[in-house]
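Asker: Just the structure for this:
(3 chains)
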Amino acid sequence: MNNVQRRSDLPTQALGLMATLILSVGIYMAFVYVPADRVQGDAQRIFYVHVPMAWLAYLAFAVIFVGSVGYLWKRSMRMDRLARASAELGFLFTTLVLVTGSIWGRPIWNAWWSWDARLTTTLILWFIYLGYFVLRSYAGDRERGARYAAVLGIVGAIDIPIIHLSVTWWRTLHPEPIVLNTSGPNLPNSMLATLLVCFAGFTLLYIYLLVQKYRVELVRDTLAEREMTMMLNSRPHAHGSTSQVPTSPSSRSRITTPGDTVGASED
Amino acid sequence: MTGGPETVLIQLEHVYKRFDRTVALRDVCFSIAAGESIALLGANGAGKTTLLRTLATLTRPTRGRVLAFGVDAWVRKAEVRRRVGVVAHQPYIYPELSCRENLLFFARMFNVSGAEGAVEASLRRVGLANRSHDRASALSRGLLQRLNLARAILHAPAVLVLDEPDTGLDVAGRRVLASLIEEQIARGGSVIFTSHQLDFALDMASRVIVISDGQVEVDRQRDTVERVAIINMLAGEPLALVSS
Amino acid sequence: MALVWKDLVVELRGREFLGAMVAFALITIVTLNFAFDLSGSEREASGAGGLWIAFLFSGTLGLGRSIAVERDRGTLEGLSLCPVPAGAIFLGKFLSNLAFILIVQVVALPVFAALYNLPALRPLVLLIALVGAAGFAALGTLFSAVSASSRSREILMPVLLFPLSIPIVIGTVRVTTLVFQDRSGEAWPWFNLLAAFDVVFVSLAYVVFDLVLED
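Answerer: Below is the predicted model of the structure:
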């Protein structure tokens, strides 16, 4: 517990502060400053949260990819820790995307869900995240969990663009009422500005949380290491749990005490 | 110590192995030199199998290093595995294939030159020449074990790691095993094996290692230990003292 | 490759799950009739979909069993001791799994065509069946190996496999539907997508298999 928290926390604290500041501004802008959408009314405001969240959900998986590749290459625990830390955050964001998407959609489509290409891909992403956690927890020991998770991290990350592509093609066959298309380049300035501020705020928040999560994982790993070292060094039961069969002194003398026989016999 | 060349083939350095709740190996250090025949003895659960598996690069140590043929075994796995022959608890034999097909498969996998010939010779060596086209599933346990042994020596490994190789073997089978071990030593290779049949083990060994609770308790040349003393060490668990 | 040969022979002689796979696919296809309305105007689409569900599920069955058997018997360990690159072991398993899936398809497609009077034997359908099966077999082999060591391997593998295989599902059903609807010309983009998918994931799995086979 020593060198982890004592390290100069200034950069991280500053980061957290900045994130909170920018995010607050963003939220204010989203809910007060920006005018309501002409077509969709106030419900559209959730867009400013929904879209950045989506960006983060995918960014988080990209980080998992990086960590997984790093682990494949170097078998470095750091890389695995990075992937682990990002995974929980990513899952959270993905869930939020789906939820905010639903909340947004309800008043507009009168339905809780739409098989919109991006939303659908995000749903699949959610399942991949889920699989990631299940895989880790069912893998047995930590090292194996790290290896298998890296496999999923790599395969999943490469698959996601392909999934998106195929879902988009598929969607063009099932056109549905409206696609939530307030994210075109023809956004009025105030909306664009709000969106960008929210983007920045949320991204900073993600980075801040990632750092914190990474540290938590580091502490966990350190504890596990210590526990293991303790376990490995604990004294076993008394040497040679032999019964007290009386033997003649002569045969006893042939075997010297255990002490000097441990170790290589070559010299 | 031994008369042969002192080339160290495999070396364990401060190896620890932990499984979930138990520590199977604690600070194990020893090496295997060419020409040695080592009997690894110990009570059930003492860590013999784990030790052998670590030597065979089947199990990765939690701490410590395994050096084989001069390289770190886990970094250069393929190189090491090419020169090690393993007999484990479960036979690596496919029941649906014939004896010959099984061996041919492994010969191909190990890149044995002149595979067909090597397979024939191997089958003859273990006395299965007349069953070569029978499915492995049709073999009795003892014959299956002979096939397993044939598979292990097929690629002429430098080190044989045998976990209870005499399981299920009848008298003839044990003779085959004994001659295989002798041959291995004569060729300049080494053997390390476990067995619960103490007499057999002591007969075949040039060196004896007794392991208990994951630690090496005894590591001496065969001719410097008395059979009775070994029994005392292992006392507390039923041993087959006489090979039938 | 020696590995593929071995897997094929072992299974053909064992005759265990290949038969089950085929039976399962056939039964699913028959059940289609009751689950979907295959007489109406949507029959091409529903039929295509149902067909591929049959292949998906029977494939999952086979993929899981193939590695599980090796592991339980201990022969997987024997394999890992061979000085061959892990990727080669993957290729061997992949090709033999693919072969099994293809065998199921070879039996099921004519049956499907006969039962539902849909042209399931057109070359384009066969082609996409091959391409789709390859992608599925690649991912399936990889993830069955990953799940093999866990307690709940039967449920874990599909949980991992299905989301990742969505492009395959979409692509194959799409092409099959188009063929049924006599619009084969539109199928080519999907082909390319799935072919690319196959190439990408077979190579990826080859590289990554090292992570899977250790200990």
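
Asker: for chain A, which residue is closest to the average position?
Answerer: A:Ala87 (1.3 Å; CA atoms, centre = their mean).

Asker: how about that residue, what does it touch?
Answerer: Counting by CB atoms under 8 Å, 6 or more residues apart in numbering or on different chains, A:Ala87 touches A:60, A:64, A:129, A:132-133, A:149. In this view, the C-beta of every residue, glycine as well, is placed from N, C-alpha and C.

Asker: Pull up the gap between it and A:Leu223, please.
Answerer: 20 Å (CB to CB, to the nearest Å).

Asker: try B:Asp170
Answerer: B:Asp170 is 53 Å from A:Leu223, by CB to CB.

Asker: the more surrounded of these two?
Answerer: Using other CB atoms under 10 Å in any protein chain shown, the more surrounded residue of B:Asp170 and A:Leu223 is B:Asp170, with 16 against 11.

Asker: Find the nearest non-adjacent residue to the more buried one, please.
Answerer: B:Gly142 (5.3 Å; CB to CB, 6 or more residues apart in numbering or on different chains).

Asker: Pull the contacting residues for that neighbour.
Answerer: So B:Gly142 contacts B:168-170, B:173 (CB under 8 Å, 6+ apart).

Asker: what about the residue nearest to the centre of chain A, helix or strand, and which?
Answerer: Secondary-structure element containing A:Ala87, defined by DSSP states H and E: helix A:77-109.

Asker: quick one: buried residues of that helix?
Answerer: Residues A:77, A:79-98, A:100-102, A:104-105, A:108 are the ones in helix A:77-109 that count as buried (16 or more other CB atoms under 10 Å in any protein chain shown).

Asker: What segments of chain B are helices?
Answerer: B:48-55, B:77-82, B:99-109, B:115-125, B:141-153, B:171-186, B:198-204, B:227-234 (DSSP state H).

Asker: okay if I get the ones you listed as JSON lines plus mean pLDDT?
Answerer: Listed next are these as JSON lines, based on pLDDT from 0 to 100:
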{"stretch": "helix B:48-55", "mean pLDDT": "88"}
{"stretch": "helix B:77-82", "mean pLDDT": "85"}
{"stretch": "helix B:99-109", "mean pLDDT": "86"}
{"stretch": "helix B:115-125", "mean pLDDT": "87"}
{"stretch": "helix B:141-153", "mean pLDDT": "90"}
{"stretch": "helix B:171-186", "mean pLDDT": "89"}
{"stretch": "helix B:198-204", "mean pLDDT": "85"}
{"stretch": "helix B:227-234", "mean pLDDT": "75"}
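
Asker: Minimum distance to A:Trp55: which of the ones you listed has it?
Answerer: Between A:Trp55 and the helices of chain B, the tightest spacing by CB to CB is seen for helix B:77-82, at 41.6 Å.

Asker: Can the closest one be said to contact chain A?
Answerer: No: in terms of CB under 8 Å from any CB of the partner chain, no part of helix B:77-82 sits within range of chain A; the closest distance is 13.3 Å.

Asker: Domain boundaries for chain B, per the record?
Answerer: Chain B breaks down by automatic domain parsing into domains covering B:1-83+B:157-244, B:93-149.

Asker: With distance to C:Gly74 added, can I get these in CSV?
Answerer: Shown next, in CSV, are the domains of chain B (distance: least, CB to CB, whole Å):
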stretch, distance to C:Gly74
domain B:1-83+B:157-244, 11
domain B:93-149, 9
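
Asker: Nearest to A:Leu209 among those would be which one?
Answerer: Comparing those under CB to CB, the one sitting nearest is domain B:1-83+B:157-244, at 31.9 Å.

Asker: Mind jotting down where the helices sit in the chain?
Answerer: I'll assume chain A. Counting by DSSP H, the helices of chain A are A:3-6, A:10-28, A:47-74, A:77-109, A:117-138, A:142-171, A:189-233, A:249-254.

Asker: look at chain C instead
Answerer: C:2-14, C:17-35, C:43-73, C:75-80, C:86-116, C:123-147, C:153-164, C:166-180, C:188-213.

Asker: Throw those into TSV and include distance to B:Leu149, mean pLDDT and mean neighbour count, thanks.
Answerer: Below are those laid out as TSV (distance: least, CB to CB, whole Å; pLDDT from 0 to 100; neighbours: other CB atoms under 10 Å in any protein chain shown):
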stretch	distance to B:Leu149	mean pLDDT	mean neighbour count
helix C:2-14	20	61	18
helix C:17-35	31	81	17
helix C:43-73	18	82	21
helix C:75-80	13	82	21
helix C:86-116	24	85	20
helix C:123-147	29	89	25
helix C:153-164	32	87	21
helix C:166-180	45	88	24
helix C:188-213	25	89	19
